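1. coordinates only, no sequence provided:
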Ligand SMILES: [Zn+2]
């Protein structure tokens, strides 16, 4: 097999100081996969693919067990953006997209909020105290409530007074 020089973009050629064998396998896979038929991958390539997919899982992109009939050429799905993606390279491109980054940020915020510990009893007590104090200061008294109720009653009387023509209008509303 003769093949031209593999095309690598400058970003990916940077040396990774914490590079391990895993990284190499994944990188190998990514560099060669475009020209390799997935059905005859070597064991190493399969491992590289698996590692690449595990990494994508962290970005909520997973391989479709069954391809969608609408996107038969798409192997992957971004569960955050609900976007079908053709292959691993496409997935890496997708990860760099603005909307995916935004969705990831929102997902992380949501996860953080869900992971918040429940309030302690001291926190609950402090909150109750604050609320009761606020109600004492700002809330309406029984006297206020009585006055307001009277105003409502008076207004209802006025509104319910028969006005010429209003009866038939209400029927149309
Ligand atoms: Zn996405």
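-> Received it, and whenever you're ready, just let me know what you need. Small disclaimer: the values here were computed from a predicted structure and weren't measured. Residues are numbered from 1 along each chain as shown.

2. wait, a strand at residue 77?
-> Yes. In this structure, residue 77 lies within a strand as judged by DSSP: H, G, I helix; E, B strand; the rest coil.

3. list the contacts of residue 99.
-> Residue 99 is in contact with residue 81, counting by Cβ atoms under 8 Å, 6 or more residues apart in numbering. Where C-beta positions appear, they are placed from N, C-alpha and C, glycine not excepted.

4. tell me the buried residues in the strand or helix carrying residue 100?
-> When secondary structure is defined using DSSP states H and E, the element that contains residue 100 is helix 98-114. Residues of helix 98-114 classed as buried: 100, 103-104 (neighbour count, 16 or more other Cβ atoms under 10 Å).

5. lowest-pLDDT helix or strand in this protein?
-> helix 166-172 (a mean of 58; mean pLDDT, DSSP states H and E).

6. closest to residue 92 out of the buried residues of helix 98-114?
-> Set against residue 92, the nearest of the buried residues of helix 98-114 by Cβ to Cβ is residue 100 (10.8 Å).

7. near the ion, which residues of the protein?
-> Taking Cβ under 5 Å from the ion as the criterion, the chain approaches the ion at residues 78, 80-81, 100.

8. so which of those residues wins on neighbours?
-> Among the residues of the chain next to the ion, the one with the most neighbours (other Cβ atoms under 10 Å) is residue 78, at 23 neighbours.

9. for that one, which residues are in contact?
-> Remark: with contacts taken as Cβ under 8 Å, 6+ apart, residue 78 is in contact with 59-61, 85, 91, 94, 100.

10. and which of the residues you listed is nearest to the ion?
-> Checking the contacts of residue 78 against the ion by Cβ to the ion gives residue 100 as the nearest, at 3.5 Å.

11. verify the stated contact: the closest one with residue 82.
-> No. Between residue 100 and residue 82 no contact is recorded; they are 11.1 Å apart, counting by Cβ atoms under 8 Å.

12. for the helix holding residue 100, the distance to its chain's centre please.
-> 5 Å (Cα atoms, centre = their mean, to the nearest Å).

13. over to stretch 127-143?
-> Its chain's C-alpha centre and that of stretch 127-143 lie 38 Å apart, by Cα atoms, centre = their mean.

14. tell me the average confidence for it?
-> Over the span of stretch 127-143, the pLDDT mean works out to 90.

15. and the contacts of that stretch?
-> Contact partners of stretch 127-143, identified using Cβ under 8 Å, 6+ apart, comprise 119, 148.

16. let me see the domain layout of this protein.
-> Domains of the chain are assigned by automatic domain parsing as 1-58, 60-116, 121-161.
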